[in-house]
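Novice: Generate a structure from the sequence data that follows.
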Amino acid sequence: MKEQFPELSDNLNEVKKILDVEKNKYNVNKQKARLIVEKIVKDKQKIDTDKLIELYDNNGIAPELIAKELKIKIPDNFYSLVASKHEQKVQEHQTKKEEVLVLDGLPETKALYFDDYKLAECNAKILRIIHDNVILDKTVFYPTSGGQLHDIGKINDVDVIDVFKQGKIIVHKVKDVSKLKEGMNITCKIDLDRRIQLAQHHTSTHIVNAAARIVLGKHINQAGAKKTLEKAHIDITHYQSLSESELKKIEDESNKIIKQSIPIKKSFLSREAAEKKYGFAIYQGGVPIGQELRIVDIVGIDVEACGGTHLDNTKEAQKIKILKSAKISDSVVRIEFVAGKKAFDEENKDVTITNELASLLDCKNNQVPSRVQELFNLWKDVVKKNKKISSFKLSSLDIYSIILQHLLPFLLFSYHQHNLLMLLLFLVHIA
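Specialist: Predicted coordinates for the structure are as follows:
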């Protein structure tokens with residue numbers, strides 16, 4: 001077995017940790033299931049097939065366990081019904097909202113955004129117009145795909161409000177199609193600031209994925225991602241929620257990769273050549289269709305098959321700031337972050353809030369945590385120990401002003417969330 005699975009012997013400590021976590025999950029879920037079944041029996045709840053599926057799907061309660069207690073019959077096709085439910089969910093998620101257009105006879109659109117993400121303009125020819133949809137022979141406009149939002153901009157002086165891809169053809173949805181005609185030679189121009197921010201978020205998704213793998217282990221893979229103008233998130237395969245310490249390490253590792261100014265190589269390879277050179281780890285978040293793959297290689301750090309707009313060097317991401325993480329399923333954790341200008345905006349927001357708090361608490365910025373701790377200790381004395389305080393300088397109006405205008409937003413970004421939440425409750429209590 002060692003020769004067949006050498007990676008197991010290389011990662012025995014990680015395997016043991018995962019097994020311990022899964023064993024603990026099993027025991028917790030077993031206890032939870034027992035309590036649910038006991039309540040169902042005690043309350044004499046009516047259980048139909050839909051409820052059996054719900055209990056199995058959401059709580060892992062085998063139908064045989066309930067059937068034995070309530071003496072009910074399990075449908076012969078129970079597990080087929082469960083599988084059908086999951087297939088319906090997948091179909092809902094995969095349904096495309098764009099209208100299906102008749103594009104027979106049109107050639108593949110030449111996409112000009114692959115080589116140079118900063119290319120903002122090009123000349124092109126209108127091949128077909130269908131309602132408010134315009135098809136060109138070539139374009140700089142990136143269509144919504146791979147979790148990345150589309151570009152916006154203009155065709156001549158007409159606003160392009162949406163871009164999507166149907167097969168190998170890129171479709172531009174415009175605001176006023178009356179100014180455009182088939183066969184017309186036109187000029188395309190994208191919103192470059194928007195493109196750069198989206199490219200920063202997309203490349204940073206690859207960087208965060210690589211950083212998470214360095215910090216958490218080789219089991220980390222991308223399960224999904226989304227990149228918008230305001231922020232981005234990546235869903236990674238991991239067996240438990242992330243601690244604040246782990247998030248900080250991932251953020252630090254991400255910014256370390258940025259500061260190393262690592263070149264990002266983009267090229268097209270046949271599927272066979274790409275798999276032979278890089279292995280199947282290039283498939284992050286799904287397997288793209290087609291026999292030719294675009295490979296995005298952050299040299300020595302991360303290699304993925306990806307058709308998005310990407311930076312030329314990690315330093316162009318400028319900065320990554322992680323906002324939060326959440327466990328969205330038993331084996332998937334979502335990390336939400338911002339990069340580039342949005343990261344600096346977020347950082348400035350934190351500084352502003354800290355400055356306001358320091359002013360309100362009459363202390364220096366670096367004293368805010370200790371001053372908050374003082375108030376938290378005061379809360380424990382009053383609420384938990386039922387002690388009386390002789391005086392408190394803040395009026396009720398001042399207190400609610402702090403809660404609504406200052407402490408509440410600070411709570412959302414602070415590492416001391418538990419203490420601040422208790423403090424809010426305390427301020428409400430004594431108001």
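
Novice: Can you give me the distance of residue 188 to residue 178?
Specialist: Distance of residue 188 to residue 178, given as Cβ to Cβ, to the nearest Å: 18 Å. All C-beta atoms are positioned from the backbone trio N, CA, C, and that covers glycine.

Novice: Buried residues, the lengthiest helix in the chain. List them.
Specialist: The residue-count maximum for a helix in the chain (DSSP state H) belongs to helix 12-43. Buried residues in helix 12-43, counted by 16 or more other Cβ atoms under 10 Å: 18, 33, 36, 37, 40.

Novice: Check stretch 283-293 too.
Specialist: Buried, per 16+ other Cβ under 10 Å, within stretch 283-293: 283, 284, 285, 288, 293.

Novice: Over to stretch 368-379?
Specialist: Result for stretch 368-379 [16+ other Cβ under 10 Å]: buried residues 368, 369, 371, 372, 375, 376, 378, 379.

Novice: and what of stretch 178-186?
Specialist: 180, 186.

Novice: Give me the mean pLDDT for that stretch.
Specialist: Per-residue pLDDT over stretch 178-186 has a mean of 96.

Novice: With only the CA atoms kept, save that stretch in CSV.
Specialist: Below are the C-alpha coordinates for stretch 178-186, written out as CSV (Å, rounded to 0.1, in the frame of the first residue of the first chain):
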residue,chain,number,x,y,z
SER,A,178,-30.5,51.6,-32.3
LYS,A,179,-27.1,53.3,-32.9
LEU,A,180,-25.5,50.1,-34.0
LYS,A,181,-25.8,48.1,-37.3
GLU,A,182,-24.7,44.7,-38.5
GLY,A,183,-21.4,45.0,-40.6
MET,A,184,-20.4,48.2,-38.8
ASN,A,185,-16.8,48.7,-37.7
ILE,A,186,-16.8,49.8,-34.1
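
Novice: for the stretch 251-400 of the chain, what spans make up the helices?
Specialist: 271-278, 341-360, 368-379, 396-402 (DSSP state H, counting those that start in this stretch).

Novice: residues of stretch 294-311 that come out buried?
Specialist: For stretch 294-311, burial by neighbour count (16+ other Cβ under 10 Å) applies to 294-298, 301-311.

Novice: What of stretch 350-370?
Specialist: Across stretch 350-370, burial judged by 16+ other Cβ under 10 Å covers 353, 354, 356, 357, 358, 360, 361, 363, 368, 369.

Novice: quick one on the thing from earlier: output whichever helix or strand comes after the longest helix of the chain in CSV with nothing but the alpha carbons.
Specialist: Per DSSP states H and E, the first helix or strand lying C-terminal to helix 12-43 is helix 49-59. C-alpha atoms of helix 49-59 as CSV (Å, rounded to 0.1, in the frame of the first residue of the first chain):
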residue,chain,number,x,y,z
THR,A,49,-41.3,10.4,3.5
ASP,A,50,-40.4,14.0,3.0
LYS,A,51,-39.7,14.3,6.7
LEU,A,52,-37.6,11.2,6.7
ILE,A,53,-35.5,12.6,3.8
GLU,A,54,-35.1,15.9,5.7
LEU,A,55,-33.9,14.2,8.8
TYR,A,56,-31.5,12.0,6.9
ASP,A,57,-30.2,14.9,4.8
ASN,A,58,-29.9,17.5,7.5
ASN,A,59,-29.1,15.4,10.6
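
Novice: Does anything pack onto helix 49-59? Which helices or strands?
Specialist: Contact partners of helix 49-59 among helices and strands, from 3 or more Cβ pairs under 8 Å, 6 or more residues apart in numbering; DSSP states H and E: helix 12-43, helix 63-70, helix 78-94.

Novice: JSON lines for these, including distance to residue 133 and mean pLDDT?
Specialist: Shown next, in JSON lines, are those (distance: least, Cβ to Cβ, whole Å; pLDDT from 0 to 100):
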{"stretch": "helix 12-43", "distance to residue 133": "49", "mean pLDDT": "75"}
{"stretch": "helix 63-70", "distance to residue 133": "49", "mean pLDDT": "77"}
{"stretch": "helix 78-94", "distance to residue 133": "22", "mean pLDDT": "63"}
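
Novice: I'd like those as a markdown table, with distance to residue 121 appended.
Specialist: Formatted as a markdown table, the helices and strands packed on helix 49-59 follow (distance: least, Cβ to Cβ, whole Å):
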| stretch | distance to residue 121 |
| --- | --- |
| helix 12-43 | 49 |
| helix 63-70 | 61 |
| helix 78-94 | 34 |
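
Novice: which stretch among those comes nearest residue 119?
Specialist: Residue 119 lies closest, by Cβ to Cβ, to one member of the helices and strands packed on helix 49-59: helix 78-94, at 30.9 Å.

Novice: Identify the residues contacting the residue nearest to residue 354 when sequence neighbours are not counted.
Specialist: Distances taken as Cβ to Cβ, 6 or more residues apart in numbering put residue 365 closest to residue 354, at 5.3 Å, once the chain neighbours are dropped. For residue 365, the contacting residues are 354, 355, 358, by Cβ atoms under 8 Å, 6 or more residues apart in numbering.

Novice: do residue 74 as well
Specialist: Residue 74 makes contact with 52, 63, 64, 67, according to Cβ under 8 Å, 6+ apart.

Novice: Find the nearest non-adjacent residue to residue 264, please.
Specialist: With Cβ to Cβ, 6+ apart, the residue lying closest to residue 264 is residue 298, at 5.3 Å.

Novice: Residue 262 is in contact with that neighbour, correct?
Specialist: Yes: the criterion here is Cβ atoms under 8 Å, and residue 298 meets it with residue 262 at 5.7 Å.

Novice: what residues are up against the closest residue to residue 253 other than its chain neighbours?
Specialist: Distances taken as Cβ to Cβ, 6+ apart place residue 211 nearest to residue 253, at 3.8 Å, with adjacent residues excluded. Taking Cβ under 8 Å, 6+ apart, we find residue 211 in contact with 250, 251, 253, 254, 256, 257.
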